[in-house]
Structures are given as C-alpha cells and as structure tokens.
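Asks: Build me a model:
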Amino acid sequence: MPKDFILSSSGTAPHLDLAADLNAEQQRVVRSADGYSLILAGAGSGKTRTIIYRVAALLRAGVPAEQILLLTFTNKAAREMMSRLEHLLGTMPRLLGGTFHHVSNLLLRRYAAAAGFGNNFSILDQEDSRDLINACIKDAGIDTKQKRFPSASILQSFWSYSRNAQMPFSEVVEKKQPRLLNVVPQMESVIDAYEARKKNANAMDFDDLLVRTTFLLRNNPAVREQVAGKYRYVLVDEYQDTNRVQAEFLSLVSSVHKNLLVVGDDAQSIYSFRAADVRNILGFPNVFPGANIFKLEINYRSTASILELANESIRWNENQFPKHLRPADPARAKGELPNLVAAATAEEEAQFIAEMILKLRDEGTPMTEMAVLFRATFHSQALEFELTKRDIPYDYRGGIRFFERAHIKDVLSFLRISANPADEVGWLRVLRLQTGIGTETASKIFAACRGAETLAEAIALGNAAMGDRAKGGWKDFVACVADMNKAGADPASCIRAIVKSNYGDYLDNEFPNANERREDLEQLAVFAEKYDSIHDFLAESALVEGFSAERTEAGGDDDEKIVLSTIHQAKGLEWDAVFVMHLYDGAFPNARAMEEDGGMEEERRLFYVACTRARKNLFLTYPLMGGGDMGYLHERSQFIRELPETVYEEIILRRAPALGTTVFKDDDFFEDDAIEIEAPTALPRPGGQPGSDKTDWKKKSFLGDY
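Replies: Predicted coordinates for the structure are as follows:
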C-alpha cells in the first residue's frame, strides 16, 4: 500500500513564537523595525538570529519574498543566513540574499546597457587584474628596473582602496607609501590605461561590480526608481564594516520605500585598512533623521567577569554608542576573573601560554576550544617555537606559519649561501629576487659559481659569467652581500643588514604589507641574537621549520589543535579559553595606529573584540623586556592601564625550584631578612620592585615547570 509524503507548502505562513524564541530586546526589533532602523548589536547578542526572525516576520505579515533584499559581507555568512532562514520557515523563500558583490553583479547584468557594458561582461579575479596592470606597465614603457616604481600588486591595492574609500589616488599613496609620491603621475597613467582596457574588453574587476552599480543608481533616476521600488525592505548585517561606496549603495537602493534595517556594532569596527568607515554607523542617525535605534546588550557567550572587563575597556572610546553588555542568565556563575600575566621576556610569555594550554587540557578543556590571539602576525614567533618544541599542535589563522613566509625564506637563503656556497636552493632563491634574473639565468649563474669554497670566490666566478641582461640584478645582489659582510659574522646583524640593503627596497616595491614583513624580519633578528654562529642559527631554524611541517603533514582533521590567529581573523568566532598576547604599547596598541587620527579608538575596539571571543577563561599577557640582548622595558598596554584592578587577577610567574630547593610562601619574599634561594624570586609588577610593597601583589601565582 503506498505511503504519503507531505511536501511543505511555500504558501504556508510560518509559525513563529517570538516570546519563546527571542528575548525582549530582539522582539522589539522584529516587531518594530520599520523605516530607517539601526540595531546596535553587542558581541554575542544574537544579531543573526534577530535578522532571520525579522525576515520571517515580514514574510508572515504578507510581504512577498521578492520584495526583500538581504545583504551580508561574505559568502559563508550569506549561506548561513539563508540556511537558518530555510530551517526556520521549512522552505527556502525566493528572496534575494547574498554579498554586496553578488547582488551588484545581478543588477549590472540586468542593466548592463545603461552602465555602458554588454550583459555578458567578464569578471576579473585578483590575479587577472594584476596581469592586466602588468601589461599596462609594460605598454607604458616604464622601466621597472628603476627600483622606485611599485609592483602591480601595490598599484592594485592602492587603486582598490581609493575607489572603496572614495579618496583621491594621490592621497591614498601619501597615506600608504609616501615615498612613492614622486611617481604618482606615472601610476595614474597606468591606472587610466587599466580602466580603458577593461572597458574595451567588456570586463570588470570586483571593485567595479559595486562601484559601477552605485554610480548607475546615483546617476540614472529611472534605474534607481525601478530597483529601489522593487525592494520594499532592505536588511544588512555587519554595517560597521561598510565602506563609503556600500553605504551609498544602501541609501540608494532603499530610497523609495525607506525601509532600511542595518545591524552592527560600532565597538567592533576594526577594518579601516580595508576602507571600512566607522563613521557610516556612527553617523546613521544624522544621515537618516528620525531613524529608530535599538540596542541588543544581552550576551549569550561570555561570563559576567569577562563582560565586565570588556565594558570597562570600551567605555574609554569617545566616538561610540554607549552599550553595556550583560549576561543572558543573571543566575549564572560570574566565572573566574580574567588573568593578567607579566612575563620577563617574549620567550617566557610563550612558556606560560604553552603550559597553561596543557593545564587547561588536563582540566578538561578541549584544545580545539582554546585560541591565542595577537595584533600582528610577527607577535606569534616565540610562541610558535615554544609550541613546536613541546609538540603542541596548532592551526594558524590569518597568515602563514613564521618560517613558511616568503620573506623569511628569502633572508635565510642569503645566510645559507654565506654559510654554504654550494647551497643550490639558496642560490636560486636569492638570484630570482633580482631584476633581470629568472630561473634559467639563475641556474646558469649557479653553474658558474659551483665549486667555490667561499661566497667571495663564488661572486668572482659569477662576475666572469654574467650576461648583459642580468648585470643590473647581479650588481644589486653583490651590493646586498657586501652590506651583509660589513655587518659582522653574527646572524642577527646580518639579517638587519639585509633588510636595510636593496632587499628592503624590493619589499617596499613589491608588497602592500612591506611594513609587516619588515617587522617579521626584525623578530627573526631578535631570535637570531641567541646565536653567535650563522651555522648554529640556520640549523636551529631548519629543525623548527622541518618539525613544524612534519606536524602539519601528519595531523589530520580529527587531531586536536589550538588556534593561533590574528584578532582580525578571529572576529565572529569564540572559544572557551582565549589568550591575548603581547599587550604592551607599540605592539598592542600598534605603534603606527597610536599616531593616526582615530587609530587609538580602533585599536581599543580591536582589544574589545579579542576579549569578547572568550566564553569562560581570558588571559591577557605581555613581556616586560624586549629587544633581545639589547633589552629595553616595555610599558604595559594602555588598554590594561585603563582597567580598574577589580576586573582582573594578576598572575605572578615563578620558576619551579630545582630538586632539593626549599619553596617559600609568597610573603617570605617581602621580609627584610629574606633567605636567599636558588630559584629566582617573583617578577616585579611594572612600576615596583620585589619587596617594595607587598600589597601591590596579587595572591595568585603560577609555578611554571620550565
């Protein structure tokens, strides 16, 4: 006998129990967010859930799905939203949802003629765009051997920022790389040629999709009325991350029905380097007078103690909508106070983090529920060494493992051929960095140098075999080696000399993030200060790199790994235990940001984002000393100094005593007639000396098994 299978009906209105599924703050948004509405959603406050229920409520009220436009920033976020909406409704509504670029592409296909394109236009990816810019540079007859002219990657980066920030190109160059101001006219001529060639090829890059759609809506009233008239309700997530073009697009596409709902958190606006403009969300009530403002301040993620610290930090920002996060369950335990840890050095900071990870694991926290967050990739160097040494597996987010980075390999290759002139791989790498030397020429040069016992002999042999085309690049290589030799025999001095040589010019001309790469190399030099011999340093580096690669290849998806991540990459994620490291002035907050207009407030928002990633345990760490052998004292981060001491507990690091050594109570360290012991005493708190004022010390201590 056949059985029935009932298909869900798209015409059935969803049954939503708002009172049961949403808190009072979320319900107000779902029921009342008509017109221009700004929803200020604090960290962990369920903003995605609120948007989804708002869409579902509109559908239940009879709004046709095709009159709703739902916008997000990433394909992953778009898929998650649509999936959750389908799960809630039991069917997939036929509304338009996706990223800004996805929606712009669909609109441009429909109105291509009005935009001056055929509707079969091609879309260039990043590599396609760089190739086309390179072709324009070549056609312009620009001699790229002149070290002052930037690479296609830098031109592409500057032009993209200029368009999305709606900032003149010359101002972008002045902001990003002022030393290139003298070639701005040439750069602009290349950009003009690039734009013309795209148009002739009926092609657009990613920026064109949004920029040209916005231009079309702004300057073609008929198209604007048609598009804005179709979408009765426009909803957008992560509004604090919009740039000026996106904000204008949203204003235009909602200009007929004037129902624009934006959800965001000004306290989590951290992407200005991508042209995101926090003024979009801060100025929303001024741009749309009479706009509704809602706040979601109930946090479903973190303990009350963690929220208290985050609230105390972000309140120092002057330009913000004040919010006060509070836990969803008032009866829930307050949780442990966040821990503040001052270590003697970056290496000791790494030791503490590694040992605390193992301690938390032994106490039941899965390693997949732990993360170490940092402001910049080079901050993780010492920690990566320590984790590798202790065989603690990790998943690196937001970048490449330290010794796998191209610029690290470049500089190590210079040292390798100095220590071993027969190192073919090292020779090929450093030679291919030079202008006019490709793979084939590099192989010929190495063949001529083969058999030399010293680098000087190898260079002499190479001079005799040099062809005309490669002479300029070879001259630069020889000059770099000369700078390295002048610096001395220790690896740290050699590394710093290489960075100051024409290799530094290469970084500036090839990479938009040249400053970050220089900081990586300085950290490599600091690590190298422990070694007197280049041979010893290279051996240790190779062992660390090889073991790290072995761990990566051997590890499967099921292996438990902690997460190492930049804070920018960690936004939107959460873990049971979070370590925020290198919290000292100059590192976090970043030195350059401290000098920029609005920079400190964005850095503080970044700190707020980092702290609110933690559910149960939060550790804030920093080294007291920096600079390797030529040490200097760090000032603990301004973000720590701003906090009342009641919101954290300080951990004092003490080394475990050697076998047979007596362990004294903390108070014994402050007695005038303290007995000398073999193990070092506790580290001083910044601003004080051991024994000066024992009331300045917290009671909690961590006895490391170093």
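Asks: low pLDDT regions in the stretch 451-600 of the chain?
Replies: 465, 543-559 (pLDDT under 70).
Asks: where exactly do the strands run in it?
Replies: 562-566, 575-580 (DSSP state E, counting those that start in this stretch).
Asks: try the stretch 251-400 of the chain
Replies: 260-264, 292-296, 298-299, 326-327, 339-343, 370-374, 394-397.
Asks: what's the closest of those strands to Phe284?
Replies: The closest of those to Phe284 is strand 260-264. By CB to CB, the value is 6.7 Å. (Glycine included, C-beta is placed from N, CA and C.)
Asks: Could I have the CA atoms of the closest one written out in PDB?
Replies: The C-alpha trace of strand 260-264 is given here as PDB (Å, rounded to 0.1, in the frame of the first residue of the first chain):
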ATOM      1  CA  LEU A 260      16.500  50.100   5.600                       C
ATOM      2  CA  LEU A 261      17.500  48.000   8.600                       C
ATOM      3  CA  VAL A 262      21.200  47.900   9.400                       C
ATOM      4  CA  VAL A 263      22.700  45.700  12.100                       C
ATOM      5  CA  GLY A 264      26.100  46.300  13.500                       C
END
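Asks: What is that strand packed up against?
Replies: strand 36-41, helix 47-60, strand 233-236, helix 244-253 (3 or more CB pairs under 8 Å, 6 or more residues apart in numbering; DSSP states H and E).
Asks: Based on its surroundings, how many neighbours for the closest residue to Val372 other than its chain neighbours?
Replies: Nearest non-adjacent residue to Val372, counting by CB to CB, 6 or more residues apart in numbering: Phe579, 4.4 Å away. By the criterion of other CB atoms under 10 Å, Phe579 has 27 neighbours.
Asks: which ones are touching Phe579?
Replies: 353, 356, 370-373, 619, 621 (CB atoms under 8 Å, 6 or more residues apart in numbering).
Asks: and if you look at Asp532?
Replies: Taking CB under 8 Å, 6+ apart, we find Asp532 in contact with 489-490.
Asks: Ok, the one 5 residues further on next?
Replies: Counting by CB under 8 Å, 6+ apart, Phe537 makes contact with 415, 491, 528, 530-531.
Asks: Spatially, which two of those are the most separated?
Replies: Across the contacts of Phe537, the longest distance by CB to CB is 14.8 Å; it joins Leu415 and Lys530.
Asks: Out of the strands of the stretch 251-400 of the chain, which gets the lowest mean score?
Replies: Of all the strands of the stretch 251-400 of the chain, mean pLDDT reaches its minimum on strand 394-397 (a mean of 88).
Asks: Need the residues that contact the next helix or strand after that strand.
Replies: As assigned by DSSP states H and E, the chain's next helix or strand after strand 394-397 is helix 406-419. Outside of helix 406-419, the residues within contact range by CB under 8 Å, 6+ apart are 402-403, 423, 425-427, 429-430, 433, 455, 458, 480-481, 484, 491, 494-495, 498-499, 503, 507, 517, 520-521, 524, 534-535, 537-538, 541.
Asks: What residues sit buried inside helix 406-419?
Replies: Neighbour-count burial for helix 406-419, counted by 16 or more other CB atoms under 10 Å, picks out 407-408, 410-419.
Asks: Also stretch 92-112?
Replies: Neighbour-count burial for stretch 92-112 [16+ other CB under 10 Å]: 93, 95-101, 103-105, 107-108, 111-112.
Asks: Which single one of those residues is nearest to Tyr394?
Replies: Thr99 (30.3 Å).
Asks: who does Leu69 bridge with?
Replies: Leu96, Val234 (DSSP bridges).
Asks: Now do the helices in the stretch 451-600 of the chain.
Replies: Per DSSP state H, counting those that start in this stretch, the stretch 451-600 of the chain carries helices over the ranges 455-464, 471-487, 491-500, 502-510, 514-528, 534-554, 567-570, 599-611.
Asks: and what of the stretch 51-200 of the chain?
Replies: Remark: helices assigned in the stretch 51-200 of the chain by DSSP H, counting those that start in this stretch are 75-89, 100-110, 112-115, 126-139, 152-165, 169-176, 184-200.
Asks: tell me the most buried of the ones you listed?
Replies: A comparison of the helices of the stretch 51-200 of the chain by mean neighbour count, using mean count of other CB atoms under 10 Å, puts helix 152-165 on top with a mean of 21.
Asks: and that helix, what does it pack onto?
Replies: helix 126-139, helix 169-176, helix 184-200, helix 206-219, helix 244-253, helix 502-510.
Asks: Of all those helices, which one comes closest to Ala20?
Replies: Across the helices and strands packed on helix 152-165, Ala20 has its closest neighbour in helix 244-253 (32.2 Å, CB to CB).
Asks: now the closest one and strand 260-264, what's the angle there?
Replies: 150 degrees (axes from the mean of the first three to the mean of the last three CA atoms, to 10 degrees).
Asks: Give me the pLDDT value at the closest residue to Val262 other than its chain neighbours.
Replies: Among residues not flanking Val262 along the chain, Tyr239 sits closest, at 3.8 Å (CB to CB, 6+ apart). Looking at Tyr239, its pLDDT stands at 96.
Asks: quick one, what contacts Val245?
Replies: Shown in contact with Val245 (CB under 8 Å, 6+ apart): 163-164, 166, 210-211, 214.
Asks: go on, Arg375?
Replies: Counting by CB under 8 Å, 6+ apart, Arg375 touches 566-567, 582, 587-590, 606.
Asks: can you rerun that using 7 Å?
Replies: Applying CB atoms under 7 Å, 6 or more residues apart in numbering, we find Arg375 in contact with 567, 582, 587-588, 590, 606.
Asks: quick one: which of those residues has the most company?
Replies: Counting by other CB under 10 Å, top hit in those: Phe588 with 28 neighbours.
Asks: Distance of it relative to Leu387?
Replies: 20 Å (CB to CB, to the nearest Å).
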